[in-house]
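In: Sequence first, then the predicted structure:
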Amino acid sequence: MSKNTNADSIKKVTVLGIVMNIIFCLIKATVGWIGNSQAVIADSISSIPALAAVLLCSIFPGIYYIDSIGAMIVSVFILKVAFDIMKPALGEMIDKSADQNLMSLIKEAVLSVEDVKSTHKIRSRVTSGAIFIDLHIQVDEKLSIADGHNISGRVKEKIFSLDSRIIDVLVHLEPEIAETEKVHIHHGDITQSL
Ligand SMILES: [Zn+2]
């Protein structure tokens, strides 16, 4: 086998390999599209410019600089994906810093509900702009379960009316405890009452 034939075979195998890779990328992108997965689509499409650049270089060795252009296009894809991943996280950080005011409003609103003696452990969780609230309220220990349920329902309504981003409120109902007994049990762990 002559040197030229060898080089030709290597070139053919490289080109075939790249073409196959591009086909696989397109199949992967289609699967991502069907499964509605942005990550899979981005992952498959981002490989195509690099493969196309190598393919062009093997066919036309004169345009070796196309490889650098391909690398630049891939960098843009990577930056775009990184930005898309960071965007919701940044949004949540901004929401969280704005929460302090909302938390005071919630405390005020809860204490204004009739029969609520006190409240503590008011916590918020922000996911994609939606706010989840979790809190403890203390009521007269002699009230019936139906009364307690009714009070927590009113507490929820009050909280929901404060901000349309609040999509869920979880109220832990507790009996009011005298000052001297302010250590109570929360679902298995002993917590100092605030
Ligand atoms: Zn508690």
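Out: Received, thanks. Numbering: from 1, shown residues only.

In: Which stretches in this structure count as helices?
Out: For the chain, the helices defined by DSSP state H occupy 3-34, 38-59, 66-111, 145-162.

In: Can you say which of those is packed in most?
Out: helix 38-59 (a mean of 17; mean count of other Cβ atoms under 10 Å). The way it works is simple: take the backbone N, C-alpha and C, and place the C-beta from them, glycine included.

In: so where's the chain uncertain?
Out: Along the chain, segments meeting pLDDT under 70 span 1-4, 88, 91-98, 178-194.

In: got a markdown table for the helices of the chain, with distance to Gly129 too?
Out: A markdown table is the format used below for the helices of the chain (distance: least, Cβ to Cβ, whole Å):
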| stretch | distance to Gly129 |
| --- | --- |
| helix 3-34 | 25 |
| helix 38-59 | 18 |
| helix 66-111 | 6 |
| helix 145-162 | 16 |
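
In: How is this protein partitioned into domains?
Out: Per automatic domain parsing, the structural domains of the chain span 3-64, 92-192.

In: Tell me how far the residue nearest to Ile48 when sequence neighbours are not counted lies from Ser44.
Out: Nearest residue to Ile48 in three dimensions, chain neighbours excluded: Cys25, at 5.3 Å (Cβ to Cβ, 6 or more residues apart in numbering). According to Cβ to Cβ, to the nearest Å, Cys25 stands 5 Å off from Ser44.

In: got it, and Val15?
Out: Distance from Val15 to Ser44, by Cβ to Cβ: 20 Å.

In: Just the endpoints, please. Distance across stretch 128-148?
Out: Terminal residues of stretch 128-148 lie 32 Å apart, using Cα to Cα, to the nearest Å.

In: Looks like Ile69 contacts Ala53 (just checking).
Out: Yes. The pair Ile69 / Ala53 is scored as a contact, 6.5 Å apart, by Cβ atoms under 8 Å.

In: What lies in contact with stretch 28-46?
Out: Contact with stretch 28-46 is made by Cys25, Leu26, Val74, Phe77, Ile78, Lys80, Val81, Asp84, as judged by Cβ atoms under 8 Å, 6 or more residues apart in numbering.

In: mind checking how far that stretch is from the chain centre?
Out: 19 Å (Cα atoms, centre = their mean, to the nearest Å).
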